[in-house]
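1. Just the structure for this:
(4 chains)
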2 protein chains.
Amino acid sequence: MAAQPAPPAPVQEPGLRARKKQRTRDALIEAAHRLFLVQGFARTTVDEIADAVDVSQRTFFRYFANKDEVALAVLAEAEDRFIQLLRARPAEETPFQALRAAIVGAWRDRADLRNTGPCSVTAALELIRMIEDSPTLLASHLRRVTEQERVLVGIIAEREGVDPAVDLRPAVLAAAFGGVLRAAHLSWSPDQEDNGPESMVALIDRYLDQLVPALAGHWRS
Amino acid sequence: MAAQPAPPAPVQEPGLRARKKQRTRDALIEAAHRLFLVQGFARTTVDEIADAVDVSQRTFFRYFANKDEVALAVLAEAEDRFIQLLRARPAEETPFQALRAAIVGAWRDRADLRNTGPCSVTAALELIRMIEDSPTLLASHLRRVTEQERVLVGIIAEREGVDPAVDLRPAVLAAAFGGVLRAAHLSWSPDQEDNGPESMVALIDRYLDQLVPALAGHWRS
DNA sequence: CAGATTATGTCAGCCACTGACATTCGGCAA
DNA sequence: TTGCCGAATGTCAGTGGCTGACATAATCTG
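-> As a prediction, this is how the structure comes out:
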């Protein structure tokens, strides 16, 4: 019994059904983003997206819980990547250093992986702008982010071997870090010349550099 | 022409129309909160709220842009109070000190003003819990908070005489402060014995105390 | 009291989203 | 291959949030 014929292998190509599912999911995301960018999020109906992929509206809602989710799907992948990178940071780094390295790494990865399609850096940045001027989209994005922060708290607390129910520092750090990150995203302007991933990394760096100074003393020059 | 007869006085009792409007608005908020607390936010329809105040659904939507807004209305008032207090803080205080004093003051004020009705402290805390376990409500709450943070940035920058477009510290401080505040709200548990405003103030204080330590070094004891 | 505003009600309709049921399709074993 | 099971999809009907248009009734103003 060296090698099984084909299907019973434990870690195997996912089979036709799963592949088909993945394809419709990707197609839905792709079509949705294209339509959102052309005619705006609010003015795009779920029916339009479903029709573009030639599935029923009902099927759309079996893939995504709501219209927001399809818009934020690619962002969710990036968040997962960030978490993954954070877990891999060496223990010598302080919590703040580890967070910083992980977020920079996540942006760099995105740039390396694919330079086109709905997961590219430019698409991600278009998405960020789209989020900012759609109130409902911004709202559910923020909710996702705060959920992610809870995960962050757990990871950070474990890294440092403290109990997050007693020691407030993990929660405080995650909250402050998340807030600053959001501020950086918000200030990113799409009409500057250098729009590569490095410009976003540089922006995040500049913001994080200001965290400690912002808390101390007066700033009058 | 010393004193006008009655109506043309510039700062005057608002007149029947305005008073009536205020009354329906208050009634809508009150009815909505009562229904939300009894049967939950999602399971309460706008029709129910409107019927309870004997008003058409259409009228409800002339007072509130959406169902979320009526739930968050009392919180919005508290936020306005916070902004107001912040503006009144003396210039000698550092930005961080001023923010801290303002948020504590806002909670104390709420406690002093009314001990009952939808604006009391207990009602506010019930509301916070309600927000936490309604995804859509949490989402729009977070959106409101980030909008408020923009106002904060302007005020802080003006206090310190810096240009928020160049100096990132106002944005960073507002973001970090907002994040930590949210973490404090989140950790507030309604089933502890001391539920007064002071317990919330103490909680916020503990969280803010951890901001600087959370950013520095390792925490292993 | 008459005319200009303004608040409200009514109605029709769009769209996001859901449950129920029927149908079809892919996986798997006899 | 065949036949069965479960998963994916389509269809349909319905609920609820929300909006525009228009008519009506209530206030305000002179």
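
2. could you pull out the helices for chain A?
-> Under the criterion DSSP state H, chain A contains helices at A:15-39, A:46-53, A:57-63, A:67-88, A:95-113, A:121-132, A:135-160, A:169-187, A:197-209, A:211-215.

3. What helices and strands are in contact with the shortest one?
-> The reference is to helix A:211-215. Counting by 3 or more Cβ pairs under 8 Å, 6 or more residues apart in numbering or on different chains; DSSP states H and E, the packing neighbours recorded for helix A:211-215 are helix B:95-113, helix B:169-187, helix B:211-215. Any C-beta I mention is one placed from the backbone N, CA and C, and that applies to glycine too.

4. for that helix, the distance to its chain's centre please.
-> Mean-position distance between helix A:211-215 and its chain equals 26 Å (Cα atoms, centre = their mean, to the nearest Å).

5. How about residues contacting that helix?
-> A:176, A:180, A:219, B:95-96, B:168-170, B:172-173, B:176, B:211-212, B:215-216 (Cβ atoms under 8 Å, 6 or more residues apart in numbering or on different chains).

6. about what we covered before: I'd like the helices of chain A laid out as CSV, including mean pLDDT and mean neighbour count.
-> Output for the helices of chain A, formatted as CSV (pLDDT from 0 to 100; neighbours: other Cβ atoms under 10 Å in any protein chain shown):
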stretch, mean pLDDT, mean neighbour count
helix A:15-39, 94, 15
helix A:46-53, 98, 17
helix A:57-63, 98, 14
helix A:67-88, 93, 17
helix A:95-113, 88, 19
helix A:121-132, 84, 18
helix A:135-160, 94, 19
helix A:169-187, 87, 24
helix A:197-209, 86, 18
helix A:211-215, 84, 19
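
7. wait, A:Asp163 sits on A:Gly154?
-> No - counting by Cβ atoms under 8 Å, A:Asp163 does not reach A:Gly154; the two are 11.0 Å apart.

8. what is in contact with those two at once?
-> Joint contacts of A:Asp163 and A:Gly154 (Cβ under 8 Å, 6+ apart) do not exist.

9. In terms of residue numbering, what are the domains of chain A?
-> A:14-67, A:72-215 (automatic domain parsing).

10. can you redo the ones you listed as a markdown table with distance to DNA strand D?
-> Shown next, in a markdown table, are these (distance: least, Cβ to the nearest atom of the strand, whole Å):
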| stretch | distance to DNA strand D |
| --- | --- |
| domain A:14-67 | 3 |
| domain A:72-215 | 8 |
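
11. okay if I get those domains as CSV plus distance to B:Ala184?
-> Below are the domains of chain A laid out as CSV (distance: least, Cβ to Cβ, whole Å):
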stretch, distance to B:Ala184
domain A:14-67, 29
domain A:72-215, 9
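
12. The ones you listed: which one's closest to B:Ser140?
-> domain A:72-215 (5.0 Å; Cβ to Cβ).

13. How far away from the center of its chain is that closest one?
-> Offset of domain A:72-215 from its chain centre (Cα atoms, centre = their mean): 8 Å.

14. first to last residue in it, what's the distance?
-> This stretch, domain A:72-215, spans 32 Å end to end (Cα to Cα, to the nearest Å).

15. Just checking that domain against DNA strand C, any contact.
-> No - Domain A:72-215 is not in contact with DNA strand C by Cβ under 7 Å from any atom of the strand; minimum separation 8.4 Å.

16. about what we covered before: which pair of the contacts of helix A:211-215 spans the longest distance?
-> Applying Cβ to Cβ across these, the maximum distance is between B:Pro170 and B:Ala216, 21.8 Å.

17. Go ahead and name everything in contact with stretch A:19-34.
-> If you take Cβ under 8 Å, 6+ apart as the criterion, stretch A:19-34 is touched by A:13-14, A:44, A:49-50, A:52-53, A:55, A:59-60, A:63-64, A:70-71, A:73-74, A:117-118, A:123, A:127.

18. Return the alpha-carbon coordinates of that stretch using PDB.
-> Presented in PDB, the C-alpha positions along stretch A:19-34 are these (Å, rounded to 0.1, in the frame of the first residue of the first chain):
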ATOM      1  CA  ARG A  19     -12.500  23.600  -7.300                       C
ATOM      2  CA  LYS A  20     -15.800  24.700  -8.900                       C
ATOM      3  CA  LYS A  21     -16.900  26.300  -5.700                       C
ATOM      4  CA  GLN A  22     -13.600  28.200  -5.500                       C
ATOM      5  CA  ARG A  23     -14.000  29.400  -9.000                       C
ATOM      6  CA  THR A  24     -17.500  30.800  -8.600                       C
ATOM      7  CA  ARG A  25     -16.300  32.400  -5.400                       C
ATOM      8  CA  ASP A  26     -13.400  34.100  -7.100                       C
ATOM      9  CA  ALA A  27     -15.600  35.100 -10.000                       C
ATOM     10  CA  LEU A  28     -18.100  36.700  -7.700                       C
ATOM     11  CA  ILE A  29     -15.400  38.700  -5.900                       C
ATOM     12  CA  GLU A  30     -13.800  39.700  -9.200                       C
ATOM     13  CA  ALA A  31     -17.100  40.800 -10.800                       C
ATOM     14  CA  ALA A  32     -18.200  42.600  -7.700                       C
ATOM     15  CA  HIS A  33     -15.000  44.600  -7.500                       C
ATOM     16  CA  ARG A  34     -15.200  45.500 -11.100                       C
END
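
19. Is it in proximity to DNA strand C?
-> Yes - against DNA strand C, stretch A:19-34 shows contacts by Cβ under 7 Å from any atom of the strand at A:Lys20.

20. how far does that stretch sit from the chain's center?
-> Here stretch A:19-34 shows a centroid-to-chain-centroid distance of 18 Å under the convention Cα atoms, centre = their mean.

21. Ok, stretch A:49-58 next?
-> Distance of stretch A:49-58 from the chain centroid (Cα atoms, centre = their mean) equals 25 Å.

22. Who's the closest spatial neighbour of A:Phe60, skipping the chain neighbours?
-> Once flanking residues are discounted, A:Phe60 sits nearest to A:Ala50: 4.5 Å by Cβ to Cβ, 6 or more residues apart in numbering or on different chains.

23. can you pull the contacts of that neighbour?
-> Taking Cβ under 8 Å, 6+ apart as the test, what A:Ala50 contacts is A:28, A:56-57, A:59-60.
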